[in-house]
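Participant: sequence-free structure coming up:
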């Protein structure tokens, strides 16, 4: 039997730290993040900037999966954390459903450097995305979870030609996932307008954006996005302000099964 409803969430949890970003040496408050997720009850949640401890103890992705009672999770370290000495930043997936064939793809990193607001030297950390599938009863759902460079901190725009290869790379994988069947992408784009960077993805018959122009940070800027394929119907969206520096974003969907021909809520 197909699941009755699929709710997909996305959240940059910033190492589980509350308040402004880039705080160092602050203890995580994972109980708070778990309480928000328990209230919203996502079937699948994509995490950005979750801490991974390389097996020394449970990753934040694994810990949150345990709190939600979701049996499937995956954590993909992307770079060392700027918030904790003993951790790496990771892309995480927490799911009620089996995760299949998930792989991490790293963006080309131009190695930009800048002096931060507190006089610290900042170096652009590696970012990228995970592409895989979820096994939903009798079908598969393509899933992409991504985190893009915060280029505004380095005085450059993601629309500059030097970043074209990065967007071509993400575009190719999004289109491949969409051509294979129903697909959803959750991305901290660090940019408000998806069409500026992924125009090919938004062409007719490809993907739609679940919410445009909705601020997802306390600064009133949209950074976080959920995209969904043309065979999926959007039911509801939630963008909830939180005590962290990103809102929790969620969307629920139904889709037309290309094999069975019926509409299902997934």
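Facilitator: Great, that's in hand. Because the structure is predicted, anything quoted here is derived from the model rather than measured. Numbering: from 1, shown residues only.

Participant: Show me the shaky parts of the stretch 151-266 of the chain.
Facilitator: 255-266 (pLDDT under 70).

Participant: Would you indicate which residues of stretch 147-159 are buried?
Facilitator: Neighbour-count burial for stretch 147-159, counted by 16 or more other C-beta atoms under 10 Å, picks out 147-151, 153, 156, 158. Any C-beta I mention is one placed from the backbone N, CA and C, and that applies to glycine too.

Participant: now the end-to-end length of it.
Facilitator: Stretch 147-159 has its terminal residues 16 Å apart, counting by C-alpha to C-alpha, to the nearest Å.

Participant: Would you map the helices across the chain?
Facilitator: Using DSSP state H, the helices of the chain run over 30-40, 60-68, 164-180, 194-197.

Participant: and the last one, how far from the chain's centre?
Facilitator: This means helix 194-197. Centroid separation between helix 194-197 and its chain, computed with C-alpha atoms, centre = their mean, to the nearest Å, is 16 Å.

Participant: show me the contacts for the residue lying closest to residue 129 once chain neighbours are set aside.
Facilitator: The shortest distance from residue 129 to any residue other than its chain neighbours is 3.2 Å, reached at residue 146 (C-beta to C-beta, 6 or more residues apart in numbering). Residue 146 makes contact with 48, 91, 127-130, 170, 185-189, according to C-beta atoms under 8 Å, 6 or more residues apart in numbering.

Participant: Would you format those residues as CSV with distance to residue 250 and neighbour count included?
Facilitator: Output for the contacts of residue 146, formatted as CSV (distance: C-beta to C-beta, whole Å; neighbours: other C-beta atoms under 10 Å):
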residue, distance to residue 250, neighbour count
48, 15, 27
91, 18, 27
127, 23, 22
128, 23, 23
129, 19, 27
130, 19, 25
170, 22, 23
185, 14, 30
186, 10, 31
187, 14, 25
188, 14, 27
189, 17, 22
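
Participant: Just give me the closest of those residues to residue 231.
Facilitator: Nearest to residue 231 among the contacts of residue 146, counting by C-beta to C-beta, is residue 185 at 14.1 Å.

Participant: While we're on residue 45, how confident is the model there?
Facilitator: The model reports residue 45 with a pLDDT of 98.

Participant: so what's residue 93 bridging to?
Facilitator: Per DSSP bridges, the residues bridged to residue 93 are residue 46, residue 74.

Participant: Can you give me the neighbour number for it?
Facilitator: By other C-beta atoms under 10 Å, the residues close to residue 93 number 25.

Participant: ok so, going back, in strands only, show me the buried residues of stretch 147-159.
Facilitator: Among those, the residues falling in strands (DSSP state E) are residue 147.

Participant: And the buried residues of stretch 147-159, which two are furthest apart?
Facilitator: Spanning the widest gap among those are 147 and 156, at 17.2 Å by C-beta to C-beta.

Participant: What residues sit buried inside stretch 239-251?
Facilitator: Neighbour-count burial for stretch 239-251, counted by 16+ other C-beta under 10 Å, picks out 239, 242, 244-251.

Participant: Ends of that stretch, what's the gap?
Facilitator: Chord length of stretch 239-251, first to last residue, is 9 Å (C-alpha to C-alpha).

Participant: And for stretch 219-239?
Facilitator: The straight-line separation of the ends of stretch 219-239 (C-alpha to C-alpha) is 14 Å.

Participant: Mind putting the contacts of residue 146 into a markdown table with distance to residue 62?
Facilitator: Formatted as a markdown table, the contacts of residue 146 follow (distance: C-beta to C-beta, whole Å):
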| residue | distance to residue 62 |
| --- | --- |
| 48 | 16 |
| 91 | 13 |
| 127 | 22 |
| 128 | 20 |
| 129 | 20 |
| 130 | 15 |
| 170 | 26 |
| 185 | 23 |
| 186 | 19 |
| 187 | 22 |
| 188 | 20 |
| 189 | 26 |
